[in-house]
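>>> Here you go, sequence then predicted model.
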Amino acid sequence: MSTEADNDKKGGTPFRIIADTLQRLHWAMQGVRVFALVGKSGTGKSYKAKLVAQKFDIPIIVDDGLIIDNDKVLAGRSAKRELNYLQAVRTALFDDPTHRQEAIAALEAINFSKILLLGTSDKMVQRISEHLNLPEVSRIIRIEEVSTPEEIATAKRSREAGNHVIPVPASQIEKDYAHILYDRIKIFLIKRGFLKKKSHDIIEKTIVRPMFQQKTEMTADQKIAKAHKILMESAKKFDSTLKVSHVKIAVASDGLLTIQCRLTNLPDTASDTIHAFRKFIISQLQESANLQCKELHVSFRLKPPVKKAKRGL
């Protein structure tokens, strides 16, 4: 039989309901405004969150179960570390009482007048607001308002390849999330149109691969086959006159690829061509299938010289 204290932790007793209501009223009376950035999964919300926050002078971002104050994680647990998708959704919604109270306590300990919630729907951000005892969402910003169709399409391709963004520097999460940390990026963003406000700095974000997604990790043989196909198709896109042969692909224990290949029919500017070719292939491997290339060795043979026609006597 559960005790009253146990029920209180679940948020079901009259005492907890009254306390939550008073907290919500307190923040409303303090003039706290709740903003929301809404867009379907994988459309680049976390990527654009920092710019939206800068636009409206919002210091606090709530994203996938984390409470973020500027570039610092104050509290919470990232949904990216959950073992299945359903649990990840619950974490993003602060459904767990302990997780929820930790987040609420962190917000109570700081002064803020604006907060930005990220979610896939209006209903989701309203639920997050309720679970954190915040006032009702006063403004909803659609991802289409802050991203171009091209940017959204790029974000979707990145998500399909397994990349998820957390809008904080890697130093903030690598201790607790080293097992899912995938890459870190620094981006200099020029703000135009809706997001234009100040000429701002370089924004650092972290790319992770969620635990619930790693269960679908390709085997070494699948990676080799996929990489070979992408290499051959990408080489044609790069320059259909080049011929690729002697392809050897290996997968290291850390999952990174080592590729060897030979290019023939190269122009005289072989070094420039090879540099551009390597850069293009590596980017195609990552964007198309989330395959990371540790080494790409390219040997080459130049085009045969054009024979000059013999002049008659």
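Thanks, I have the structure now. Numbering: from 1, shown residues only.
>>> can you give me the strands for this structure?
For the chain, the strands defined by DSSP state E cover 33-38, 60-63, 66-69, 72-76, 114-119, 137-142, 164-166, 181-188, 202-208, 243-251, 257-266, 293-302.
>>> Rebuild those strands as a markdown table, extending it with distance to Gln101.
For the C-beta atoms, the positions are set from N, CA and C on the backbone; glycine is no exception. Shown next, in a markdown table, are the strands of the chain (distance: least, C-beta to C-beta, whole Å):
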| stretch | distance to Gln101 |
| --- | --- |
| strand 33-38 | 19 |
| strand 60-63 | 15 |
| strand 66-69 | 12 |
| strand 72-76 | 10 |
| strand 114-119 | 17 |
| strand 137-142 | 21 |
| strand 164-166 | 22 |
| strand 181-188 | 27 |
| strand 202-208 | 25 |
| strand 243-251 | 44 |
| strand 257-266 | 45 |
| strand 293-302 | 44 |
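>>> and those as CSV, adding mean neighbour count and distance to Phe94?
CSV is the format used below for the strands of the chain (neighbours: other C-beta atoms under 10 Å; distance: least, C-beta to C-beta, whole Å):
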stretch, mean neighbour count, distance to Phe94
strand 33-38, 23, 14
strand 60-63, 24, 9
strand 66-69, 22, 10
strand 72-76, 17, 8
strand 114-119, 24, 11
strand 137-142, 16, 15
strand 164-166, 23, 17
strand 181-188, 14, 23
strand 202-208, 19, 19
strand 243-251, 15, 39
strand 257-266, 18, 39
strand 293-302, 15, 39
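>>> Least reliable of the ones you listed by average pLDDT, please.
Among the strands of the chain, strand 181-188 has the lowest mean pLDDT, at a mean of 49.
>>> any chance you could map the helices in this protein?
4-9, 14-29, 45-55, 85-92, 97-108, 122-131, 143-146, 149-160, 174-177, 211-214, 220-238, 270-289 (DSSP state H).
>>> out of those, deepest packed?
Per residue and on average, the most neighbours among the helices of the chain fall to helix 45-55, with a mean of 23 (mean count of other C-beta atoms under 10 Å).
>>> now it against helix 149-160, angle please.
Counting by axes from the mean of the first three to the mean of the last three C-alpha atoms, to 10 degrees, helix 45-55 points 130 degrees away from the direction of helix 149-160.
>>> Apart from its chain neighbours, what residue comes closest to Asp282?
You called it Asp, but residue 282 is Ile. Distances taken as C-beta to C-beta, 6 or more residues apart in numbering place Cys293 nearest to Ile282, at 4.8 Å, with adjacent residues excluded.
>>> For the one you found, give its distance to Ala276.
15 Å (C-beta to C-beta, to the nearest Å).
>>> Ile230 too?
Computed with C-beta to C-beta, the distance linking Ile230 and Ala276 is 17 Å.
>>> repeat for Ile68
Note on Ile68: its distance to Ala276, by C-beta to C-beta, is 38 Å.
>>> before we move on, what about Ala88?
With distances taken as C-beta to C-beta, Ala88 is found 39 Å from Ala276.
>>> list the contacts for Glu102?
Ala75, Gly76 (C-beta atoms under 8 Å, 6 or more residues apart in numbering).
>>> The same query, at a cut-off of 6 Å, please.
With contacts taken as C-beta atoms under 6 Å, 6 or more residues apart in numbering, Glu102 has the following neighbours: Ala75.
>>> returning to what we had before: which residues does the residue nearest to Ile282 bridge with?
Leu257 (DSSP bridges).
>>> Settle this for me: it is touching Gln284, isn't it.
No. Between Cys293 and Gln284 there is no contact under C-beta atoms under 6 Å: 9.8 Å.
>>> from the middle of its chain, how far away would stretch 219-236 be?
24 Å (C-alpha atoms, centre = their mean, to the nearest Å).
>>> what sits up against it?
Stretch 219-236 is contacted by residues Val244, Ile249, Val251, Leu257, Ile281, Gln284, Leu285, Ser288, Ala289, Leu291 when judged by C-beta under 6 Å, 6+ apart.
>>> Is it possible to get the residues you listed out as TSV so that each row also shows distance to Gly44?
Output for these, formatted as TSV (distance: C-beta to C-beta, whole Å):
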residue	distance to Gly44
Val244	33
Ile249	31
Val251	30
Leu257	27
Ile281	25
Gln284	20
Leu285	21
Ser288	18
Ala289	20
Leu291	21
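>>> Mind telling me the two of those residues farthest from one another?
By the measure C-beta to C-beta, Val244 and Val251 form the most distant pair in those, at 19.4 Å.
>>> of the helices of the chain, which approaches Leu116 most closely?
Of those, nearest to Leu116 by C-beta to C-beta is helix 45-55, at 5.3 Å.
>>> just the angle between that closest one and strand 114-119, please?
160 degrees.
>>> Alpha carbons only: can I get helix 45-55 in CSV?
Coordinates of each C-alpha in helix 45-55 appear next as CSV, following Å, rounded to 0.1, in the frame of the first residue of the first chain:
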residue,chain,number,x,y,z
LYS,A,45,14.8,22.8,-33.8
SER,A,46,17.8,22.2,-31.6
TYR,A,47,20.0,23.5,-34.3
LYS,A,48,18.1,26.8,-34.4
ALA,A,49,17.2,27.1,-30.7
LYS,A,50,20.1,29.3,-29.8
LEU,A,51,19.4,31.8,-32.5
VAL,A,52,15.7,32.0,-31.5
ALA,A,53,16.8,32.5,-27.9
GLN,A,54,19.1,35.3,-28.9
LYS,A,55,16.5,36.9,-31.0
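>>> Good, wrapping up.
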